[in-house]
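K.L.:
only the shape, not the letters, is given here:
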């Protein structure tokens with residue numbers, strides 16, 4: 001039955017172009033095609049003039065974030081049987097952080113699909129968000145065990161150089177917090193401003209050391225803005 005629906009999605013569905021692009025990227029045609037369409041439907045496409053909140057990818061992004069974190073944790077636990085909790089936690093953070101997910105999504109070519117379901121200038125963070133939403137859709141399509149095997153085999157191993165990540169540390173926020181703890185300095189991240197840009201929320205984040213502002217950065221994603229501001233401070237302190 002599912003194979004018949006997949007063929008219908010590929011050849012006869014009103015979203016058959018999407019089905020064909022997903023097949024090229026993922027290697028399969030989704031059975032629940034509407035889920036994958038929602039995964040790329042950015043909130044900028046919501047028609048606020050109707051007074052009704054339309055569906056977007058934020059709920060799937062929430063689900064995909066949790067699923068991906070669990071799968072990566074299990075994958076690392078098996079791959080590194082002799083490493084301690086600290087190493088595994090740092091490795092997981094490197095994999096699931098926004099810049100890594102943005103890079104994977106870009107390598108997969110998700111921007112081609114996302115551009116059709118968003119308005120305004122497309123940011124890298126939107127790619128990472130859509131990637132997480134797609135992971136949520138894969139989980140709902142396959143179930144946890146099949147999704148785990150697929151994500152590890154077809155995504156993590158194909159688009160991620162995990163050995164390169166072992167020696168790479170570009171989590172500037174973490175570096176800064178560790179420095180502050182070591183030297184007895186208070187590090188704070190404050191939301192200075194939140195405003196609309198291209199119909200989306202944009203965040204201005206400030207980094208403060210002992211209540212003194214040291215750097216600011218803005219992005220469509222709070223965590224990305226924190227990292228950008230942290231990088232500036234880390235470089236000024238010559239910690240990298």
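P.N.:
Noted; the coordinates are in hand. Because the structure is predicted, anything quoted here is derived from the model rather than measured.
K.L.:
if I pick the residue nearest to residue 68 when sequence neighbours are not counted, what's in contact with it?
P.N.:
Computed as Cβ to Cβ, 6 or more residues apart in numbering, the closest residue to residue 68 that is not its neighbour in sequence is residue 135, at 4.9 Å. Where C-beta positions appear, they are placed from N, C-alpha and C, glycine not excepted. By Cβ atoms under 8 Å, 6 or more residues apart in numbering, the contact set of residue 135 is 64-65, 67-68, 147, 151.
K.L.:
neighbouring contacts of the helix ranked longest in the chain?
P.N.:
Longest helix of the chain, by residue count under DSSP state H: helix 58-79. Identification of contacts with helix 58-79 by Cβ under 8 Å, 6+ apart yields 35, 38-39, 43, 83, 88, 91-92, 95-96, 129-140, 144, 147-148, 151-152, 156, 162.
K.L.:
centroid-nearest residue for the protein?
P.N.:
residue 128 (3.3 Å; Cα atoms, centre = their mean).
K.L.:
enumerate every residue touching the closest residue to that residue other than its chain neighbours.
P.N.:
Using Cβ to Cβ, 6+ apart and skipping the chain neighbours, the partner closest in space to residue 128 is residue 101 (3.8 Å). Residue 101 makes contacts with 127-128, 131-132, as judged by Cβ under 8 Å, 6+ apart.
K.L.:
residues in contact with the worst-scoring helix or strand of the chain on mean pLDDT?
P.N.:
The helix or strand of the chain with the poorest confidence is helix 162-166; it has a mean of 88 (mean pLDDT, DSSP states H and E). By Cβ under 8 Å, 6+ apart, the residues outside helix 162-166 that reach it are 79, 91, 94-95, 100, 156.
K.L.:
can we see that at 7 Å?
P.N.:
Contact with helix 162-166 is made by 91, 94-95, as judged by Cβ atoms under 7 Å, 6 or more residues apart in numbering.
K.L.:
which SSE is immediately downstream of that helix?
P.N.:
Using DSSP states H and E, the helix or strand that follows helix 162-166 in sequence is helix 172-183.
K.L.:
may I see the buried residues of the following helix or strand past that following helix?
P.N.:
Downstream of helix 172-183, the next assigned helix or strand under DSSP H and E is strand 187-197. For strand 187-197, the neighbour count (16 or more other Cβ atoms under 10 Å) marks 187, 189 as buried.
K.L.:
give me the residues contacting the helix or strand just after strand 187-197.
P.N.:
Downstream of strand 187-197, the first helix or strand assigned by DSSP H and E is strand 200-209. If you take Cβ under 7 Å, 6+ apart as the criterion, strand 200-209 is touched by 44, 120, 185, 187-195, 213-220, 222, 225-226, 229-230, 233.
K.L.:
repeat for stretch 176-183
P.N.:
Against stretch 176-183 from outside (Cβ under 7 Å, 6+ apart): 186-187, 230, 233-234, 237, 239.
K.L.:
if we can go back for a sec, beyond the strand or helix carrying the residue nearest to the centre of the chain, next helix or strand please.
P.N.:
In this assignment (DSSP H and E), residue 128 forms part of helix 124-142. Counting by DSSP H and E, the element after helix 124-142 in chain order, helix or strand, is helix 144-150.
K.L.:
the helix or strand that that next one is followed by - contacts with which helices or strands?
P.N.:
Note on helix 144-150: by DSSP H and E, the next helix or strand toward the C-terminus is helix 157-159. In terms of contacts (3 or more Cβ pairs under 7 Å, 6 or more residues apart in numbering; DSSP states H and E), helix 157-159 is packed against helix 98-108.
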